[in-house]
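In: next comes the sequence, and after it the predicted model I'd like to discuss.
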Amino acid sequence: MFRKLLVVFAVLMLGVTAAAAQSCQDIIDKRQTLMKKSGAAAKIGTEMIKGERPFDLAQVREIYAAFTEDATLMPTLFPDCSKTGNKTTAAPAIWQKMDDFKAAIAKFAADIKAAQDSTKDVDTLKAGFQIIGKNCSNCHQTFRVKSS
Ligand code: HEC
């Protein structure tokens, strides 16, 4: 009876570790999905700026909403257990300089908010995108390893 209990306990423990490891991969997956959404949203905005698709304020709001969701959730998506795995391109610098990383996210969020408030036509969209785009590339340069 006791042996049986031990086995049950061991299986439970295994389940717990597996679940913990799993949840971390999920976190990497989640941040990559959000980043992909930001990438897709940025592409739509860029096409509007280039005149390849008509300016549509409702759609622009969706673009900014995608960026905002990314910026809002990012601070929670880099726990220690997510340093490796899932072909992550997150650089070790994130965990070495977490304060700088969080500051970069906060700036990203503030710049999105400002752009959102000022965008009303293609010109203002372009101005907002130039500022937001710098956030994307600066952060990637410092906090992302080149994916090969
Ligand atoms: C504060 C930092 C930061 C900002 C700002 C940022 N990113 Fe990222 N981005 C990352 C990190 C870190 C990764 C790597 C995530 C991973 O692989 O775990 C990434 C990955 C990506 C990826 C690849 C996703 C994949 O796995 O296929 C795309 C696309 C992307 N970002 C687009 C953008 C765009 C577009 C913007 C601006 C609108 C942006 N990012 C702003 C940090 C940032």
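Out: Cool, the structure landed.

In: break down the chain into its strands, ranges please.
Out: Assigned by DSSP state E, the chain shows no strands.

In: where in it is pLDDT low?
Out: Residue ranges of the chain with pLDDT under 70: 1-2, 5-22, 147-148.

In: around the ligand, which positions in it sit nearby?
Out: Within the chain, the positions adjacent to the ligand are 28, 31-32, 35-36, 38-39, 42, 67, 88-90, 104-105, 108, 132, 135-136, 139-140, 143-144 by Cβ under 6 Å from any ligand atom. For glycine as for every other residue, the C-beta is placed from the backbone atoms N, C-alpha and C.

In: one more time with 5 Å, if that's ok
Out: Residues of the chain lying close to the ligand by Cβ under 5 Å from any ligand atom are 32, 35-36, 38-39, 42, 88-90, 104-105, 108, 135-136, 139, 143-144.

In: all helices of this protein, in order?
Out: Along the chain, counting by DSSP state H, helices occupy 2-49, 57-73, 93-96, 98-118, 122-143.
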